[in-house]
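# Below are the sequence and a predicted model; questions follow.
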Amino acid sequence: MFGIPERCAVNQFIAKKNFLSFGNLNKAERVVLSSNVKKITLSFQLEPSNSNVPTYKDDIREYPLINIFNVDVTTEANTKRITKFIMSAIPYPSIIIFQAEEQMQLAVCHQRTNLNDSSKNVLEELIITDWLPFSETLFDINEMNLRNCYTLYCDIVDFISILNVKKLTSIETISGEHARRLSEKIFKIDAELISLRAELKKETQFNRKMELNIKIKKLEKERKNNG
């Protein structure tokens, strides 16, 4: 998968209790992990000894390897929360591949060292795809920057960011950073449009309805200009 050499395969089952015992999960979070997750497998682990991709370390982060997890779920909901549970418990950059029947969803997230507690990591922006056909080939790591684990993971994060924004817009060429900022902007506009349209549907005052329609038209124009 994704051009990962077979020698990087681990195929190790990870018990859910390992994550349930980590951190301060509340009751609702424990229910999500217990009921929504069927199986967690550490499928691959890329490190210098099996991939010739060197480790990376600077003042704020350390990437000695990259994990690839396959997570079988019972529902397509709550994958964002599950991603946070898993990545908070694993002190290395990871790619999570969620599986639900014939669909898959990829999640990635840069992390950095907690300067107040070096044994913990701080998650940065979570990037997660829509649900995709499981047979869809997304990328090949051999076509990415293999200078070290950080540059490789950056390329994967950028690829997924660009994939996401291309599903929202007609833009053909865009950088990973621009894609993340544009996706965030579009999601905010779409959320506001949903809220305003719901309010308009309930509104009875003519003047307020006019005001809401003007706001909606303005946002629709902004959304179109960003697409």
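Perfect, thanks for sending it. Residues are numbered from 1 along each chain as shown.

# Strands of the chain, start to end?
Using DSSP state E, the strands of the chain run over residues 9-14, 37-46, 56-57, 62-63, 66-73, 94-100, 103-113, 121-128, 132-133.

# any idea which helix or strand of this protein has the worst average confidence?
Scoring the helices and strands of the chain by mean pLDDT, DSSP states H and E places helix 17-20 at the bottom, with a mean of 78.

# Now do that helix: which elements does it pack against?
For helix 17-20, the packing partners by 3 or more C-beta pairs under 8 Å, 6 or more residues apart in numbering; DSSP states H and E come out as helix 27-36, helix 79-89. (Glycine included, C-beta is placed from N, CA and C.)

# re earlier: mean pLDDT and distance to K84 added to the strands of the chain, as TSV?
Below are the strands of the chain laid out as TSV (pLDDT from 0 to 100; distance: least, C-beta to C-beta, whole Å):
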stretch	mean pLDDT	distance to K84
strand 9-14	94	16
strand 37-46	95	13
strand 56-57	95	23
strand 62-63	94	19
strand 66-73	95	13
strand 94-100	95	10
strand 103-113	93	8
strand 121-128	91	7
strand 132-133	88	21
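
# now those as TSV including mean neighbour count?
Output for those, formatted as TSV (neighbours: other C-beta atoms under 10 Å):
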stretch	mean neighbour count
strand 9-14	12
strand 37-46	19
strand 56-57	16
strand 62-63	20
strand 66-73	21
strand 94-100	21
strand 103-113	20
strand 121-128	16
strand 132-133	11
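
# Looking at the ones you listed, which is nearest to K218?
strand 121-128 (27.6 Å; C-beta to C-beta).

# Break this structure down into its structural domains.
6-166, 176-225 (automatic domain parsing).

# So which of these is the most surrounded?
A comparison of the domains of the chain by mean neighbour count, using mean count of other C-beta atoms under 10 Å, puts domain 6-166 on top with a mean of 16.

# so where is the protein shaky, pLDDT-wise?
Scanning the chain with the threshold set as pLDDT under 70 gives 1, 21-24, 118-119, 135-137, 227.
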